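> Requesting a structural model of the entry that follows:
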Amino acid sequence: YWRDWSSDVCSSDLTTNKNSSSDVSPTAGQMPRLLGLAYASKLFRNIEYLWPYSHLSNFGNEVAFGTIGESSTAEGLFFEAINAACVLQVPLAVAIWDDGYGISVPVELQTAKADISIALRGFQKGKDSNGCLLYSCIGWDYPQLIKMFEEGISKCRQEHIPVVFHIKEMTQPLGHSTSGSHERYKSSDRLNWEDEYDPIRKMKEWILQEGIAELKTLEKIEEDAVNQVKEARQKAWDQYVKPYLAEKNELIQIINGLPSEVIGSFKATSDFSSLVANTHPLRKDMLSVAKKALYFLNNQKAHFNVNKKLSMWIEKMQANCAEIYNTRLYSDDWQTLSNVQNIKPVYSENPPLVHGREIINRNFDYLFQKYPLLVTFGEDTGKIGDVNGGLKGLQQKYGDLKITDTGIRESTIIGQGIGLALRGFKAIAEIQYLDYLVYALQTLTDDLATLHYRTNGHQIAPLIIRTRGHRLVGIWHSGSPMGMIINSLRGINICV
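Below is the predicted model:
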């Protein structure tokens with residue numbers, strides 16, 4: 001969530017905005033978090049003492065929207081998230097955009113039945129069972145799209161039923177990338193079809209057919225839109241490249257200002273001439289030239305005052321790069337771990353001897369009384385109070401929405417926690433044993449660990465992950481992937 005850095009509780013009003021959680025790169029990587037964003041609405045609706053948190057939720061009436069390409073639904077994260085959403089009955093709505101390809105691979109090699117909405121029919125909600133609602137529509141049929149989304153989202157919001165929208169016959173105007181031009185793998189018939197059934201073209205036809213506007217008006221709108229986009233593109237590029245050019249010009253000015261007798265031969269090198277000619281230089285290129293120039297000056301035994309400006313420019317650039325690229329991986333506000341006061345335990349003269357799980361249990365009991373927004377969930381977390389009894393009896397005391405059992409689905413357990421934390425909850429996600437954390441590695445490393453960094457510190461998911469392991473007894477539950485965890489989860493504080 002967007003944070004007030006001085007507050008222990010999210011103080012942003014999430015109910016008056018259309019909130020967007022930070023994007024994530026791996027295909028289907030958004031699905032676990034989407035589950036958690038939707039699950040928060042279920043808790044806000046069904047736990048009465050959370051109703052006063054009106055800045056976080058409007059009685060659970062929020063829908064978590066997600067989008068995904070059809071071929072990405074082949075990922076396990078997609079099916080894990082849909083299955084969990086169907087079990088939990090949460091207001092999750094996902095639109096699957098289907099152009100028949102995953103880069104160059106056709107849908108027949110991606111999806112069972114070559115149709116994801118057919119493949120998902122086993123998840124469809126029945127009269128007396130949980131599940132999701134399935135909708136399918138043609139992507140260029142604008143009126144039907146409106147009807148489909150309006151009906152589906154209404155049920156999703158009001159009844160907390162997950163909804164899957166499968167939008168077919170989409171087109172791919174530019175191919176996947178400059179190196180993945182679709183002319184390389186699509187027939188001429190397919191390319192001609194895509195031109196004819198381009199959704200923008202079909203919408204124009206529908207507008208004319210319905211008499212909503214005249215052809216001349218639409219042509220003017222198209223012309224203005226093209227010009228507006230070109231202007232916006234140029235403006236965005238100019239703003240992006242402006243600081244780079246300023247840094248480049250400053251460096252060139254410093255080098256040109258050096259005595260020609262000591263720097264002249266360096267200015268004749270290809271390194272310097274390439275920098276001068278480069279219209280969009282990278283900072284690493286500028287630093288490389290600056291360091292080579294400084295090295296050249298040192299070899300020329302130039303006086304300190306001669307290369308002082310160049311040295312200062314390099315130091316300033318390195319400090320600037322450190323701020324731009326190497327900060328915000330961890331929270332650096334008042335809640336950072338180094339600012340947490342260490343409270344040492346105080347023992348009586350003859351303290352009673354109890355099991356460690358009893359101490360943990362009493363601590364959790366206190367915390368659940370103190371923090372209304374604190375929840376925990378995981379495999380065997382609820383009814384039996386985790387496999388070691390640290391939560392024993394607490395589900396009976398605080399309810400199964402506060403302390404909750406989940407299925408065996410580690411990635412979406414973590415995603416459930418990320419989404420809850422983004423919406424203001426204090427979430428504890430329990431992974432039963434350390435070995436199982438590997439199932440959730442992509443969600444941990446690509447989403448949770450980098451969220452604060454990706455958003456330059458503006459979004460944060462203060463999630464606690466609780467697990468146990470490293471027993472090294474036999475072959476069961478004794479795996480110790482600590483090296484992998486420590487090295488791949490920079491951005492997450494790890495306590496052993």
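> any idea how far Asn307 lies from Ser274?
Remark: distance between Asn307 and Ser274 (CB to CB, to the nearest Å) = 21 Å. For the C-beta atoms, the positions are set from N, CA and C on the backbone; glycine is no exception.
> how about the helix or strand hosting Ile418 as PDB, C-alpha atoms only?
Counting by DSSP states H and E, the element that carries Ile418 is helix 410-422. Taking C-alpha atoms only, helix 410-422 is exported to PDB below (Å, rounded to 0.1, in the frame of the first residue of the first chain):
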ATOM      1  CA  GLU A 410       2.900 -22.600  -1.100                       C
ATOM      2  CA  SER A 411       3.100 -19.900  -3.900                       C
ATOM      3  CA  THR A 412      -0.400 -18.700  -3.200                       C
ATOM      4  CA  ILE A 413       0.000 -18.800   0.500                       C
ATOM      5  CA  ILE A 414       2.800 -16.300   0.000                       C
ATOM      6  CA  GLY A 415       0.700 -14.400  -2.500                       C
ATOM      7  CA  GLN A 416      -2.200 -14.400  -0.100                       C
ATOM      8  CA  GLY A 417       0.100 -12.700   2.400                       C
ATOM      9  CA  ILE A 418       1.400 -10.200  -0.100                       C
ATOM     10  CA  GLY A 419      -2.100  -9.100  -1.200                       C
ATOM     11  CA  LEU A 420      -3.300  -8.900   2.500                       C
ATOM     12  CA  ALA A 421      -0.300  -6.800   3.400                       C
ATOM     13  CA  LEU A 422      -0.800  -4.400   0.500                       C
END
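> more crowded one of Asn307 and Ser274?
Asn307 (22 against 12; other CB atoms under 10 Å).
> Quick check, pLDDT for the closest residue to the more buried one other than its chain neighbours.
By the measure of CB to CB, 6 or more residues apart in numbering, the closest residue to Asn307 outside its immediate chain neighbours is Leu297, 4.4 Å from it. Model confidence at Leu297, given as pLDDT, is 87.
> for Leu297, what are its contacts?
Leu258, Val262, Ile263, Val306, Asn307, Leu310 (CB atoms under 8 Å, 6 or more residues apart in numbering).
> Using TSV, lay out these together with secondary structure.
Formatted as TSV, those follow (DSSP: H, G, I helix; E, B strand; the rest coil):
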residue	secondary structure
Leu258	coil
Val262	helix
Ile263	helix
Val306	helix
Asn307	helix
Leu310	helix
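> those strands in the stretch 301-450 of the chain, which residues are they?
For the stretch 301-450 of the chain, strands defined by DSSP state E, counting those that start in this stretch occupy the ranges 374-378, 403-405, 426-430.
> wait, which of the ones you listed is closest to Phe44?
strand 374-378 (11.3 Å; CB to CB).
> Show residues contacting the closest one.
43, 364, 367-368, 386, 391, 401-406, 413, 416-417, 420, 425-432, 466.
> Then stretch 325-333?
5-6, 336, 450, 452-453, 455-457, 460, 490-491, 493.
> Output the below-cut-off pLDDT ranges for this protein.
1-9, 302-304, 334-335, 470-473 (pLDDT under 70).
> swap the cut-off to 80 and go again
Judged against pLDDT under 80, the low-scoring parts of the chain cover residues 1-11, 174-180, 300-306, 332-338, 470-479.
> returning to what we had before: need the strands of the stretch 301-450 of the chain in CSV (columns: distance to Glu358 and mean neighbour count).
As requested, these are exported to CSV (distance: least, CB to CB, whole Å; neighbours: other CB atoms under 10 Å):
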stretch, distance to Glu358, mean neighbour count
strand 374-378, 18, 24
strand 403-405, 17, 21
strand 426-430, 18, 24
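> Noted, bye for now.
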